[in-house]
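The sequence and its predicted three-dimensional model are supplied below.
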Protein chains: 2
Amino acid sequence: MEDRATEGWTNASLHERRSALRDTVAELYALGDERALRLILNSQFPADLADLMRHRTEDEQHYLFELLAEGVAAGVLAELDTPTMLEVAEGMGDHQLSELVGEMAPDDAADVLGELPEGQSEKVLELMEDEDAEEVRELLAHEEDTGGGIMTSRLLIVREDMRVEEAIRYLREWAEEEQILNIYVLDEGDALSGTLSLRSLLLAQPETLVRTIAERDPIAIGAHMDQEEIAHLFRDYDLLALPVVDGEGKLIGEVTIDDIVSVMEEEATEDMYVMAATSSEEREERSTLGVVRRRMPWLLICMLGTMVAGAMIHAFQERLADAAVLLLFVPAIMAMGGNTGIQTSTVTIRSLATGELRGTNVLKTIGREVRIALVMGALLGSAVLCIATAWTEMWTIGLCVGLAMCSAVVFSACMGALIPLVFRSMGIDPAVASGPLITTLNDGISLGIYFLVARAMLVTWG
Amino acid sequence: MEDRATEGWTNASLHERRSALRDTVAELYALGDERALRLILNSQFPADLADLMRHRTEDEQHYLFELLAEGVAAGVLAELDTPTMLEVAEGMGDHQLSELVGEMAPDDAADVLGELPEGQSEKVLELMEDEDAEEVRELLAHEEDTGGGIMTSRLLIVREDMRVEEAIRYLREWAEEEQILNIYVLDEGDALSGTLSLRSLLLAQPETLVRTIAERDPIAIGAHMDQEEIAHLFRDYDLLALPVVDGEGKLIGEVTIDDIVSVMEEEATEDMYVMAATSSEEREERSTLGVVRRRMPWLLICMLGTMVAGAMIHAFQERLADAAVLLLFVPAIMAMGGNTGIQTSTVTIRSLATGELRGTNVLKTIGREVRIALVMGALLGSAVLCIATAWTEMWTIGLCVGLAMCSAVVFSACMGALIPLVFRSMGIDPAVASGPLITTLNDGISLGIYFLVARAMLVTWG
């Protein structure tokens, strides 16, 4: 790493380093100094070059890509976000693309090819060397967000009856840049029988049999296991790598901790986007209309809901003598219902996602949220009771607004806790049950509660 | 790991394994079979026992804890979530607590002591062995969410002028259960001069000098670096461990990838909670009132905002002849303004958190959001124009509602993109700029726009 600009990481942030690189490249690009550009670009980390590419126009991307050595270009292509990667890939011939993809680790290659239009990825695969293409095809056959979809198939494998010195000799041939987290041990029947750490190899005598120092019966996961579940395993058991086996216990790949870091970020992003009634796939959309298509559906459904609320206000106003004054508090009651619903649903959805909320502690959690809701309802209800009484100088109005607020808050909070749980048990993503959906639902119901309380109280007394 | 129940991980999920353990323990507890309980409990992973504890009452937790061997109990205590850990710690004597904490890795010990009430943690530290206590005190001195706060100080350190065989001999003494990701190399002046991988040790000749095979000038971070920034480094550069150095370049600790996995989860949780106008610290609150105190402040501010909106509706209704019919669309305009604001702010906040949105691509992102907002505004405006015209049979009303909707959506979306950026540049957590805050703000502004458009158009024509 000596040739890379690593000094100063201690104090300068990632951001500053990258912005300095961008400035230098922009300057050299303006000067047309190709030789200096080539030197600088090829001594950077792929992630920094990927950041650089994201800031350039398509033409500049192509120009800069041409200056990269093949290995570096492959690394950058694997690091790029999807829209930028597609832009770059579009400007490349299938031939050049197949060479870059052939340079990548098989899991990175599968990720890149998985994003390309089907026709193009098939062409690229045909141009690749048969062996590499076969490896990538096998990975592409798995669902994207499962163990099979995130694993790599390039593993360091030894046999039970090898001696330690043979295993070490074998290790020497392993490519320098690939990290080794686990060495896998197979028995005579080719089934996974154990794992070996570098440390145990290092401390063993050369003539020892691998079998005697291997960790037997390692934890293994199936190719179909959901990536979020796998991330929980890594987190809870402090793992660095997990072998993936097929139905017969045959080793087919390995999931490593760096994939898990990406998975955790991806899952959190997806949940946040879904909670805002869109989908993280909009990040991969290159056209404005594509994004709009993803953000629109729930909004339209919500809009219909708000029409019902509008009709309620309309009816409210025509039937109640005190309507004019009661309208003052309509936004407060609607918004507080919506907001407490968002708080409870966010807490519930996140606890489901991190695996904290499962099985038997569901009742405990609901109980807790109900207690909190009762206190919040009482407090917000009292607050609005005072405000409304002071404002309108009518305690009947105050009492009516206060009671409605309290019921709306308690009801909305309960809905916020329950709906994600119901969705989860129906196999629907619980994150859908927040944001616009729950706000609109709770807005409407809060308004209905207000309307009913007001009619009951004011008609009786008034 | 042979003695642990690991079979079947391939197919059974984490959830099922844990619920089986909970059932078994509940049965044995009911039978009072202490011997069987002791056997089963002491052969489990700490994370599974932590899950078990979370599901039991305080009395049962204490009973079960007494059955654990000291090493296991220390592991479980380190894995527990804060409220459960505090419950368990409360029931233990300071003496027992100090023994368990002394068994932990120094970073886990610091985490546990950092959560205890100050007086208690001081007492526990005094009861610990001087050397251990000193180590933990040093870690406790760092800010919780910085490199210093998440690092461990127990490192494998060798000197430049050692031979490989000496380094390996030194390695033998390292505790079996601690993972080795990096070996750090110091020069004569005790400054960090390089890192060594197990692999390079394994492939080197015994008499080689460590200096010649070390990776020189390793990337190192400062103790003050923000944990989110560190997580970005690990993600972008596929790192497993990073050394932490002080101002003089002296090695003081190491951040490892398993800490980063926790950091990423923690940061995403914190952002989601803040976006819902609460704080993830509410998870550490044991009392209902404590949680209410965290959820209340923004809600109260929002409630004042909604009063302004209420006053606007009130004024609207008194001054405009068509008010009754216009009220029908008040919830739609308010909600769509709020919802598009949430979508844009969520996208912006998340891109800031993952580091995608920085420096020069801010303008590009805002431009993209404005384009999307214009399309969404036009579509939602047209939709509501048609609905309103059909419903009221007055095209003037339809046009007025449609125009107001379009402006409200475009304006709210722009606010959703801008406010998080402004907050960030002011050093305020951008996640605050979503959820209730932006909804209420956009509700009010959307309503104001509606009111102004309606008055301008209907007064002119009507």
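Okay, I see it. What you see is a predicted model, and the numbers here were worked out from it, not measured in a lab.

C-alpha from now on. contacts and neighbour counts both.
OK.

could I have stretch A:382-398 exported to CSV, CA atoms only?
This file holds the C-alpha atoms of stretch A:382-398, laid out as CSV (Å, rounded to 0.1, in the frame of the first residue of the first chain):
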residue,chain,number,x,y,z
SER,A,382,-54.8,17.9,28.9
ALA,A,383,-52.6,20.3,27.0
VAL,A,384,-55.1,20.8,24.2
LEU,A,385,-58.0,21.0,26.8
CYS,A,386,-56.3,24.0,28.4
ILE,A,387,-55.4,25.7,25.1
ALA,A,388,-58.9,25.2,23.7
THR,A,389,-60.7,26.4,26.8
ALA,A,390,-58.5,29.5,27.0
TRP,A,391,-58.9,30.2,23.3
THR,A,392,-62.6,29.7,22.9
GLU,A,393,-63.6,30.6,26.5
MET,A,394,-65.9,27.6,26.5
TRP,A,395,-64.9,24.6,28.8
THR,A,396,-67.4,22.3,26.9
ILE,A,397,-65.3,22.8,23.7
GLY,A,398,-62.1,22.3,25.7
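
Buried residues in it, which are they?
For stretch A:382-398, the neighbour count (16 or more other C-alpha atoms under 10 Å in any protein chain shown) marks A:382-389, A:396-398 as buried.

cool, and stretch A:339-346?
Buried positions in stretch A:339-346, judged by neighbour count with 16+ other C-alpha under 10 Å: A:339-346.

and chain B, which of those contact it?
By C-alpha under 8 Å from any C-alpha of the partner chain, the members of those lying near chain B are A:339, A:342-343, A:346.

Now do the strand or helix carrying A:Gly114, average pLDDT.
Following DSSP states H and E, one finds A:Gly114 within helix A:106-115. Across helix A:106-115, pLDDT averages out at 90.

quick one: it near chain B?
No - judged by C-alpha under 8 Å from any C-alpha, helix A:106-115 makes no contact with chain B; its nearest approach is 13.1 Å.

Run through who's touching that helix.
Helix A:106-115 has contacts (C-alpha atoms under 8 Å, 6 or more residues apart in numbering or on different chains) with A:77-78, A:82, A:86, A:101-102, A:121, A:132, A:135-137, A:139-140, A:150-154.

Kindly recompute the last result at 6 Å.
Residues from elsewhere that reach helix A:106-115 (C-alpha atoms under 6 Å, 6 or more residues apart in numbering or on different chains): A:78, A:101, A:121, A:136, A:140, A:152.

Could you do stretch A:46-63 as well?
In contact with stretch A:46-63 (C-alpha under 6 Å, 6+ apart) are residues A:22, A:75-76, A:79-80, B:236.

In those residues, find the pair that's most separated.
For the contacts of stretch A:46-63, the farthest-apart pair by C-alpha to C-alpha is A:Arg22 and A:Gly75; their separation is 18.2 Å.

For chain A, just list every one of the strands.
Using DSSP state E, the strands of chain A run over A:157-159, A:183-186, A:192-196, A:215-216, A:221-222, A:241-245, A:251-256.

Distance to chain B and mean pLDDT added to these, as a markdown table?
Shown next, in a markdown table, are those (distance: least, C-alpha to the nearest C-alpha, whole Å; pLDDT from 0 to 100):
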| stretch | distance to chain B | mean pLDDT |
| --- | --- | --- |
| strand A:157-159 | 15 | 93 |
| strand A:183-186 | 12 | 93 |
| strand A:192-196 | 11 | 91 |
| strand A:215-216 | 7 | 88 |
| strand A:221-222 | 4 | 90 |
| strand A:241-245 | 8 | 93 |
| strand A:251-256 | 11 | 93 |
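
So which of the ones you listed is the most surrounded?
With neighbours taken as mean count of other C-alpha atoms under 10 Å in any protein chain shown, those reach their highest mean count in strand A:221-222, at a mean of 26.

what does the stretch 301-450 of chain A put close to chain B?
Residues of the stretch 301-450 of chain A lying close to chain B (C-alpha under 6 Å from any C-alpha of the partner chain) are A:303, A:306, A:310-311, A:314, A:328-329, A:331-332, A:339, A:343, A:372, A:436.

same thing but at 8 Å, please
Residues of the stretch 301-450 of chain A lying near chain B (C-alpha under 8 Å from any C-alpha): A:303, A:306-307, A:309-314, A:317, A:324-325, A:327-332, A:335-336, A:339, A:342-343, A:346-347, A:350, A:354, A:358-361, A:368, A:371-372, A:375-376, A:380, A:435-436, A:440.

Please apply the same query to the stretch 101-250 of chain A.
When proximity is defined by C-alpha under 8 Å from any C-alpha, the stretch 101-250 of chain A lies next to chain B at A:168, A:172, A:198-199, A:201-203, A:215-222, A:225, A:229, A:233, A:235-239, A:245.

Now go through those and say which are in helices.
A:168, A:172, A:198-199, A:201-203, A:229, A:233, A:235-237 (DSSP state H).

ok, of the residues you listed, which come out buried?
Burial by neighbour count, judged by 16+ other C-alpha under 10 Å, picks out A:168, A:198-199, A:201-202, A:229, A:233, A:235-236 from those.

will you turn these into a markdown table that also has pLDDT?
Listed next are these as a markdown table, based on pLDDT from 0 to 100:
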| residue | pLDDT |
| --- | --- |
| A:Ile168 | 89 |
| A:Leu198 | 88 |
| A:Arg199 | 87 |
| A:Leu201 | 88 |
| A:Leu202 | 87 |
| A:Glu229 | 89 |
| A:Leu233 | 90 |
| A:Arg235 | 90 |
| A:Asp236 | 88 |
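
Any chance of those in JSON lines with distance to B:Leu192 as columns?
Listed next are those as JSON lines, based on distance: C-alpha to C-alpha, whole Å:
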{"residue": "A:Ile168", "distance to B:Leu192": "29"}
{"residue": "A:Leu198", "distance to B:Leu192": "24"}
{"residue": "A:Arg199", "distance to B:Leu192": "23"}
{"residue": "A:Leu201", "distance to B:Leu192": "27"}
{"residue": "A:Leu202", "distance to B:Leu192": "24"}
{"residue": "A:Glu229", "distance to B:Leu192": "38"}
{"residue": "A:Leu233", "distance to B:Leu192": "34"}
{"residue": "A:Arg235", "distance to B:Leu192": "30"}
{"residue": "A:Asp236", "distance to B:Leu192": "32"}
